[in-house]
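Engineer: what's the 3D shape of this:
(chains A, B and C)
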Amino acid sequence: MNKERALLAYVSRLGDNALVLGQRMIELVAAYPELEEELANANFALDYIGQARMFYTYAGELEGQGRREDDFAFLRDENEFRNLLLLEQPNGHFGDSITKLVLFELFYLAQLGSLARSEDTQLAGIAARAEKEIRYHLRHNTQWLVRLGDGTDESHRRVQDSVNDLWRYTGEMFEADEIDTIVEKAYGGPNLEELRERWLADIDAILINATLDKPEDGWMASGGKAGRHTEHLGYMIAEMQYLQRTHPGATW
Amino acid sequence: MYTQGLDQKDKPAGTPQGAETPGQVEAFQDRIDAEDKIEAKDWMPEAYRRTLIRQISQHAHSEIIGMQPEGNWLTRAPTLKRKAILLAKIQDEAGHGLYLYSAAETLGVSRAQMVTDLLSGKAKYSSIFNYPALTWADIGAIGWLVDGAAIMNQIPLCRCSYGPYSRAMIRICKEESFHQRQGFDILVALCNGTDEQKAMAQDALDRWWWPSLMMFGPSDNESKHSAQSMAWKIKRFTNDELRQKFIDVTVPQAEFLGLKVPDDELEFDEKTGHYRHGEIDWQEFLDVLAGNGPCNRQRMAKRRKAHEDGAWVREAARVYAEKHAAKDAA
Amino acid sequence: MSDKEWPLYEVFIRSKSGLSHRHAGSIHAADDQMALDAARDTYTRRNEGVSIWVVRSSQIVASDPAETAAFFEPAEDKIYRHPTFYDMPDGVENL
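Structural biologist: Model prediction:
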């Protein structure tokens, strides 16, 4: 794979992560535990959809075949999506959502921080903008994880289950494939081994603060980055793409 | 946003209150007549306070329930731009519900109490949200017609005599200026699109037109609270005046889109400069209000579930805060 | 499980540097940090602020409207506190 193709794949993967997570979040609109949190999460979802648009638009430019953001979002099949498996997992309860966000955003923030200093100036620009958004999300969501972990017996039990259930999807974030390696070497992208060490140290501190136990090291799921998904993604894609697929070529 | 002249069972306005002297009531009315704003801690007749709590909380509930029909299309919005715009609009509705609950809270009722009243069915919300959003064109129709009707209602409320309500409405009107346009913009795209898209737009207008007219509430001679609310300057125009205004501005917009308003009796009256319209089916209005609209149960079930599912989260945050406040104090 | 409400906070926003904070509205939050976040997400969705204060509503000390006359009217007749009270002779400038 040449470096241009790797960059294209990398950027479109960033778009997939943002869109799939954003789409999961908007499934929860009008169902958050309190009105104030409803507003916070709409802001977060708007940030993710905005990021997906920027990454897809840039991917379209890199590809040079005239594809635009909506072509990436609505006219690709499930196995062309290369998002992390963690992000496509169904929503569950509020504690599951918060846990998913903290696990991912702790990684994503570091990834964006590194990309913001990468040699591809356009990607660096998008990453710098997204980094500011995610920094706020992560602080907000980490505080929620601590409140739930250190709240009532019930909330502690529930969110400990969330951490235990979702932990198996965290390994994939740090599995470097050819695309990650080329982007690291050719553009100064993140080194995933370094990110893993930082992430482990940070998540340790967060879990201690939240009085939660870190799950034992164990089996890790993977495949999303290569387009092999859990069964959940297909339904999401079918729902999301339905209008574009039913009315091919229509303008909306 | 969405106020509606919903008449609910309530003590008749002006119920004698032990503590209210004719002098106080008269001085209060003088302030209203002088266009003075009433603030939270000012003396006010109990009936004024109750009328406001009823109206503002209904308005807040409508914003919150109103998130549901549009939310129904968020995951299926046809482009990322439309998805983001729709989400921003629905988020505004949550925010507007929040502003309005806050305004009502200044009158001495808690948000928890208002939410309890909504979930128990004691409090009402605008009947329009008990209609289903069946196609993407409905998102256009809701923005254009429902928000359009709402704006007619809301702009005069910016001058309402109660300060906190009036300030909330000023903020809401400012923020909502894009809502109606985004709806119309969706319909413009559909009406310039394929035959199927245009049919989708016509179908949405057919289904949303009459319920939108009902949003202004019963006609003036049926509306119990109108006269007193006008005297208190909570209301500035009657239901029928606002409804007429809405029809007058909306019909030409439908013509621009090339859509037909589903009212065979609709006719422009050169003499008055207004459109004459057919009879509104008030029985349908009453049925929907009584809980027998297409989506009443579904909307309430979803709201109840969200509230109940969130209980452990709200409690955890409260317990955490108490624990740590105690630690910090120690 | 008790479902007691989170406390009410009042929100004040400085719309740009150089201006005072101004009351924007209120929100409910379980703790101070949550209150700041909620204020941010509720009242600055359109870039309305550069600084936010939140304060528990129960902590605000307010004047009593019933005492308005005694509290404020005495200031009404001290018109000599306002510059327009003074007639300056023609020809005097920069004063």
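Engineer: Up against chain C, what does the stretch 201-330 of chain B have?
Structural biologist: Listed as neighbours of chain C in the stretch 201-330 of chain B under the rule CB under 8 Å from any CB of the partner chain: B:311-312, B:314-315, B:317-318, B:320-321, B:324-325. To be clear about C-beta, it is placed using only N, CA and C from the backbone, and glycine gets the same treatment.
Engineer: Just the buried ones from those?
Structural biologist: B:312, B:314-315, B:317-318, B:320-321 (16 or more other CB atoms under 10 Å in any protein chain shown).
Engineer: in which helix or strand would I find the closest residue to chain C within chain A?
Structural biologist: Residue nearest to chain C within chain A (CB to the nearest CB): A:Glu36, separated by 3.8 Å. In this assignment (DSSP states H and E), A:Glu36 forms part of helix A:35-63.
Engineer: average pLDDT for that helix?
Structural biologist: Helix A:35-63 comes out with an average pLDDT of 98.
Engineer: how far does the following helix or strand past that helix sit from the chain's center?
Structural biologist: Once the chain leaves helix A:35-63, the next helix or strand it forms, by DSSP H and E, is helix A:69-74. Centroid separation for helix A:69-74 versus its chain: 17 Å, with CA atoms, centre = their mean, to the nearest Å.
Engineer: give me the low-pLDDT residue ranges for chain C?
Structural biologist: Within chain C, the segments meeting pLDDT under 70 span C:1-2.
Engineer: quick one, strands of it?
Structural biologist: Here chain C has its strands, by DSSP state E, at C:8-14, C:21-28, C:51-56.
Engineer: does the first one come close to chain A?
Structural biologist: By that I understand strand C:8-14. No - applying CB under 8 Å from any CB, one finds strand C:8-14 separated from chain A by no less than 10.0 Å.
Engineer: what's the angle between that strand and strand C:51-56?
Structural biologist: Relative orientation of strand C:8-14 versus strand C:51-56 (axes from the mean of the first three to the mean of the last three CA atoms, to 10 degrees): 160 degrees.
Engineer: Packing partners of strand C:8-14?
Structural biologist: strand C:21-28, helix C:32-43, strand C:51-56 (3 or more CB pairs under 8 Å, 6 or more residues apart in numbering or on different chains; DSSP states H and E).
Engineer: Tell me which of those sits nearest to chain B.
Structural biologist: That would be strand C:21-28 among the helices and strands packed on strand C:8-14, by CB to the nearest CB, at 4.5 Å.
Engineer: Direction included, what does the closest one pair against?
Structural biologist: Strand C:21-28 has the following strand partners under DSSP bridges: strand C:8-14 (antiparallel).
Engineer: list the contacts for B:Asp76?
Structural biologist: Quick fix: residue B:76 reads Arg, not Asp. A:239-240, A:242-243, B:136 (CB atoms under 8 Å, 6 or more residues apart in numbering or on different chains).
Engineer: In strands, which of the residues of the stretch 201-330 of chain B next to chain C fall?
Structural biologist: Per DSSP E, those never map to strands.
Engineer: near chain A, from the residues you listed?
Structural biologist: The residues of those that also fall near chain A, by CB under 8 Å from any CB, are B:311-312, B:314-315, B:317, B:320-321.
Engineer: Present the residues of the stretch 201-330 of chain B next to chain C as CSV; the columns should include pLDDT.
Structural biologist: Shown next, in CSV, are these (pLDDT from 0 to 100):
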residue, pLDDT
B:Ala311, 97
B:Trp312, 98
B:Arg314, 97
B:Glu315, 97
B:Ala317, 98
B:Arg318, 97
B:Tyr320, 97
B:Ala321, 97
B:His324, 92
B:Ala325, 88
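Engineer: did I read that right, A:Arg228 in a strand?
Structural biologist: No - under the criterion used here (DSSP: H, G, I helix; E, B strand; the rest coil), A:Arg228 is coil, not part of a strand.
Engineer: For the closest residue to it other than its chain neighbours, grab the count of nearby residues.
Structural biologist: Using CB to CB, 6 or more residues apart in numbering or on different chains and skipping residues adjacent in sequence, the residue nearest A:Arg228 is A:Asn79, 7.3 Å away. Neighbourhood size, A:Asn79 [other CB atoms under 10 Å in any protein chain shown]: 13.
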